[in-house]
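A.B. asks: The following comprises the amino acid sequence and a computationally predicted model.
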Amino acid sequence: MMGSDPYGPPKLDTSVPHPARRYNYWLGGKDHFEADRVSGDAIAAMFPGVRASAIENRRFLQRGVTFLVGECGVRQFLDIGTGLPTADNTHEIAQRIAPESRIVYVDNDPLVMVHARALLTSAPEGVTAYIEQDLDDTKAVLDEARMVLDFDRPIALLLVAVMHFISDDNDACEAVAELRDALPPGSYLLLSHVTGDPFNPRTQAAWDQAIASGRHGDFRYRNEDEVLKILDGWDLLAPGLVPVAQWRPDPDSEPVAFADAAVYAAVARKI
């Protein structure tokens with residue numbers, strides 16, 4: 001479904017934490033509920049750097065989209081797992097540089113759907129649309145995206161802080177491969193993924209226990225080799241797969257340790 005809901009506002013289960021609302025909480029937003037804050041605080045107690053990770057991940061999105069539009073000439077974006085609107089959404093960054101840019105947002109959270117109109121505020125020269133779909137149905141995502149994007153021209157696929165919610169490695173690799181194969185040559189991938197690589201053994205053990213028990217651990221962190229497998233078939237651009245704060249950082253920014261923002265980031269191209 002794109003843009004509007006003919007059946008009225010979606011039902012929200014505010015008693016269960018949701019990744020999009022919890023992420024909004026870490027970023028200092030207002031679109032979250034008590035369950036999201038409790039879950040967010042519990043994760044922050046185990047890993048105090050989680051808020052810095054969310055902030056640095058958002059900065060990577062901003063730098064990555066700016067790079068793709070300004071240096072690579074991309075004018076079409078498929079942003080999957082976009083989350084709740086906040087400052088500098090993908091369409092705002094892209095259309096600030098190239099007003100004719102076309103953006104399709106994809107998410108499955110009811111609260112995001114409530115805020116869809118905020119995402120649909122496009123520059124007159126461009127297009128911004130919203131699709132309510134799950135990443136596990138790539139065919140449906142692609143079918144609806146084709147209504148807005150021209151698949152004969154390069155498209156930037158954005159998978160920012162979303163692949164770690166697919167726990168099965170084969171499913172994660174297959175989903176990205178299916179999306180890659182559907183895109184034309186010259187398309188790009190902008191990806192970030194949480195990792196446990198910089199954690200000490202105590203923090204790793206706490207994460208493992210939380211994930212195994214299902215307490216607040218609704219994602220799967222992957223090591224460098226596992227993230228590289230997801231990127232198989234893509235041509236990595238410099239500086240490659242690196243800690244998120246180290247992907248083409250702003251010259252005046254303060255350095256952020258990998259352990260404080262435990263996220264990998266990369267931009268790649270389909271040849």
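C.D. replies: Arrived safely, thanks for sending. These figures come from a predicted structure and were not determined experimentally. Numbers count the residues shown, from 1 in each chain.

A.B. asks: how near is the spatially most central residue of the chain to residue 42?
C.D. replies: Of all residues in the chain, the one closest to the mean position by C-alpha atoms, centre = their mean is residue 160, 2.2 Å from it. Counting by C-beta to C-beta, to the nearest Å, the gap from residue 160 to residue 42 is 23 Å. From N, CA and C alone the C-beta is placed, and that goes for glycine too.

A.B. asks: pretty sure the residue nearest to the centre of the chain is touching residue 89, no?
C.D. replies: No. Counting by C-beta atoms under 8 Å, residue 160 stays clear of residue 89, with 11.4 Å between them.

A.B. asks: bridging residues for residue 156?
C.D. replies: Taking DSSP bridges as the rule, residue 156 bridges to residue 77, residue 188.

A.B. asks: In contact with it, which residues?
C.D. replies: Residues near residue 156 by C-beta atoms under 8 Å, 6 or more residues apart in numbering: 65, 68, 74, 76-78, 187-190.

A.B. asks: State the distance from it to residue 84.
C.D. replies: 21 Å.

A.B. asks: repeat for residue 72
C.D. replies: From residue 72 across to residue 84, the span is 27 Å (C-beta to C-beta).

A.B. asks: So which of those two has more stuff around it?
C.D. replies: Taking other C-beta atoms under 10 Å, residue 72 and residue 84 do not tie; residue 84 has more neighbours (24 against 15).

A.B. asks: hang on, isn't the more buried one packed against residue 111?
C.D. replies: Yes. If you go by C-beta under 8 Å, residue 84 and residue 111 touch, sitting 6.6 Å apart.

A.B. asks: tell me, what's touching the two both at once?
C.D. replies: Contacts common to residue 84 and residue 111, judged by C-beta under 8 Å, 6+ apart, are 20-21, 31.

A.B. asks: Between the residues you listed, which sits nearest residue 251?
C.D. replies: Taking C-beta to C-beta as the measure, residue 251 lies nearest residue 20 of the shared contacts of residue 84 and residue 111, at 31.7 Å.

A.B. asks: dump the residue contacts of residue 142.
C.D. replies: Neighbour list for residue 142: 179, 182 [criterion: C-beta under 8 Å, 6+ apart].

A.B. asks: how close does it get to residue 203?
C.D. replies: For residue 142, the distance to residue 203 (C-beta to C-beta) stands at 38 Å.

A.B. asks: for this protein, what's the longest helix?
C.D. replies: Longest helix in the chain, counting residues (DSSP state H): helix 50-70.

A.B. asks: Tell me which other helices or strands it touches.
C.D. replies: Under the contact definition 3 or more C-beta pairs under 8 Å, 6 or more residues apart in numbering; DSSP states H and E, helix 50-70 sits against helix 19-26, helix 34-46, helix 90-97, strand 156-160, strand 188-194, strand 263-269.

A.B. asks: what residues does the helix or strand just after the third one touch?
C.D. replies: Same thing as helix 90-97. Counting by DSSP states H and E, the next helix or strand C-terminal to helix 90-97 is strand 102-107. Residues lying outside strand 102-107 but in contact with it, judged by C-beta under 8 Å, 6+ apart, are 20, 75-83, 90-91, 94-95, 113, 116, 119, 122, 126-133, 135, 141, 144-145, 148-150.

A.B. asks: quick one: strand 102-107 to helix 50-70, angle?
C.D. replies: Using axes from the mean of the first three to the mean of the last three C-alpha atoms, to 10 degrees, one finds that strand 102-107 and helix 50-70 are set 150 degrees apart in direction.
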